[in-house]
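Student: A structural model of the following input is requested.
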Amino acid sequence: MTSTPTQGECPATAPGEVEHLDVLIIGAGISGLGAGRYLSTELPAKTFAILEARDALGGTWDLFRYPGIRSDSDLHTFGYEFKPWRDEESIASAPRILKYLRETATENGLDSRIRYHHRVLAAAWSSERARWTVRVERTDTGERTTLTCAWLFCASGYFRYDQGFTPHFEGRERFRGTIVHPQHWPADLDHAGKRVLVIGSGATGVTLVPAMADTAAHVTMLQRTPTYILPVPKKDAIANALGKWLGPDRGYALARRKNIAQQRLLWTLCQRYPKAARRLIRWVNARQLPAGYPVDEHFNPPYDPWDQRLCAVPDGDLFKAIRAGRASVVTDRIATFTEDGVRLESGRELQADLIVTATGLDVRAFGGLEVTVDGAPVRLSDTIAYKGMMLSGVPNLAFSIGYTNSSWTLKVGLLCEHFCRLLAHMDTHGHDICRPEPADPAMPTRPFLDFAAGYVQRAVDRLPRQGDRMPWLTSMDYHADVKLLRADSVVDPELHFARAGARAGAGAAAGSAD
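Tutor: All right, here's what the predicted structure looks like:
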């Protein structure tokens, strides 16, 4: 006699039988865990699993181990809406964030859903069967297996986990010291008493410099162009007070609303009044730096605020290290590495024992997953993103990409909610297939991410596109997304539903508004 699985559990399969799931989530980072939680609470009868290529959950927050690693967004908005952030520090270190994510997995019964050492290699969609066939490799044994699922949810982030981006540096092989990329920080690397050169002034660079300056002989941050940097309190006094007065749940909800408004206000100021925003940021920086410091040389970027992401420094730690003489900033370009450091285009030489190439990420959407639809390969750059969560012409595939101008997780939560409502709508109306298609094939498009950051620009031709109107625009506005993804119906004239074996075209009008 065969036992019947309880709701939401993955049914046992006989030897040689291919396991089938309602939803297969790729990635056990902050997005994948969020998707799992929403599925388990909103659609408890759905079977799902979370496949993780590494041996631990947490994604970025478990992978990166460099000194000082922390969030650059407050955890009242970077955390989940359903799980209050209870720590006093709102700009939190990676270990604290990882603890929060582990608690989330355990509290929501996700530990048993995660399958570690499972890397997804390829996914092939069959319209006839209305399912994905997914090829999986065990990263610990090399064994290959196959799963099928009704839906794929890609939550693997947007960069390669196995390597970071490092540009070509002339003469690199001549350097006699140690060179390390932050994405692959050796556990036994000791920088105490050493001269450290950090190449890059993005979020990673401004985190590393003050963290290493405490014990290094000196840390120099070398940048080609300045970055907008803002000091922010490590502890949010208002949020902490709200938590004490109103309790953790209500206090967290109000602190979250406050911080969403603050983020939106800052971004709007920068967009509408870039010259005023530039002057304000420069004034703040000048107050943090020593008297007579060349602010315009090192902290006055040539682009407008929020053309690239602003970097937050908790309690002004970077500026404190500069004021104390433990760190310095150089704005120049590298001509060549030397035996003892680097020589700059200006002719100046910077000596170092340790060089850190904080030069960015290597963007790769969907973890490099190979996707085919009815035998035809899918080229991401030929697709258009629908509501920032699906791809034109690709059925039953959703993905999560967060905001670039505010906390990542704000959008992830909305996407997961909408995804669950979409699945519930399909169940109600007997649909197996859901495929977005633009009504106008000649609709003008532009890059999926309108962001000037180097790591985005290097990969723009390998990413999906976005259109010139909703629902094909990639929104970076939380309040607009609340309306689009939470309040509006999942039914749309350009989202087509069908049953297995039928043409996926006549279904959009078949489902009523939910």
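
Student: CA atoms for contacts and neighbours, from now on please.
Tutor: Fine.

Student: now do the strands in the stretch 201-350 of the chain.
Tutor: Residue ranges of the strands in the stretch 201-350 of the chain, as given by DSSP state E, counting those that start in this stretch, are 218-223, 229-232, 311-314, 327-331, 334-338, 341-344, 349-351.

Student: quick one: find the helix or strand in the protein with the lowest mean pLDDT.
Tutor: Ranked by mean pLDDT, DSSP states H and E, the weakest helix or strand in the chain is helix 454-457, scoring a mean of 55.

Student: where exactly do the helices run in the stretch 401-514 of the chain?
Tutor: Taking DSSP state H, counting those that start in this stretch as the criterion, the stretch 401-514 of the chain contains helices spanning 408-429, 454-457, 478-481.

Student: for the stretch 201-350 of the chain, same thing?
Tutor: Using DSSP H, counting those that start in this stretch, helices in the stretch 201-350 of the chain cover 203-213, 237-246, 248-272, 274-288, 295-298, 317-323.

Student: off-centre distance for the longest one?
Tutor: A distance of 19 Å separates the C-alpha centroid of helix 248-272 from that of its chain, computed with Cα atoms, centre = their mean, to the nearest Å.

Student: check the fifth one too.
Tutor: Computed by Cα atoms, centre = their mean, the separation of helix 295-298 from the middle of its chain amounts to 30 Å.

Student: stretch 360-380 now?
Tutor: 17 Å.

Student: could I get the buried residue list for that stretch?
Tutor: For stretch 360-380, a neighbour-count test (16 or more other Cα atoms under 10 Å) marks 360-367, 369-373, 378, 380 as buried.

Student: which ones among the residues you listed map onto strands?
Tutor: Among the buried residues of stretch 360-380, DSSP state E puts 370-373 in strands.

Student: can you add distance to residue 485 and pLDDT and give the residues you listed back as JSON lines?
Tutor: Output for those, formatted as JSON lines (distance: Cα to Cα, whole Å; pLDDT from 0 to 100):
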{"residue": "370", "distance to residue 485": "28", "pLDDT": "92"}
{"residue": "371", "distance to residue 485": "26", "pLDDT": "95"}
{"residue": "372", "distance to residue 485": "27", "pLDDT": "96"}
{"residue": "373", "distance to residue 485": "26", "pLDDT": "96"}
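
Student: including distance to residue 344, could those go into TSV?
Tutor: Below are those laid out as TSV (distance: Cα to Cα, whole Å):
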residue	distance to residue 344
370	42
371	44
372	47
373	50
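
Student: what sits against the residue sitting nearest the centre point of the chain?
Tutor: Nearest to the geometric centre of the chain sits residue 157, at 5.1 Å (Cα atoms, centre = their mean). By Cα atoms under 8 Å, 6 or more residues apart in numbering, the residues touching residue 157 are 27, 31, 365-367, 400-401.

Student: look at it and report its pLDDT.
Tutor: Predicted confidence (pLDDT) at residue 157: the value is 74.

Student: SS state for it?
Tutor: coil (DSSP: H, G, I helix; E, B strand; the rest coil).

Student: check the gap between it and residue 53 for me.
Tutor: Noted for residue 157: a distance of 13 Å to residue 53, by Cα to Cα, to the nearest Å.

Student: can you check residue 328 too?
Tutor: Counting by Cα to Cα - residue 328 and residue 53 are separated by 39 Å.

Student: which of those two has more residues huddled nearby?
Tutor: Taking other Cα atoms under 10 Å, residue 328 and residue 53 do not tie; residue 53 has more neighbours (23 against 20).

Student: over to that one: give its phi and psi.
Tutor: Torsion angles at residue 53 (phi, psi; degrees, to the nearest 10) stand at phi -70, psi -30.

Student: start at 28 instead
Tutor: In the new count, where the first residue is 28, that last one comes out as residue 80.

Student: now do the contacts for it.
Tutor: Residue 80 touches 54, 143-147, 165-166, counting by Cα under 8 Å, 6+ apart.

Student: so which of those residues is the closest to residue 330?
Tutor: Set against residue 330, the nearest of those by Cα to Cα is residue 54 (34.6 Å).

Student: what residues are up against the closest one?
Tutor: So residue 54 contacts 77-80, 86, 181-184 (Cα under 8 Å, 6+ apart).
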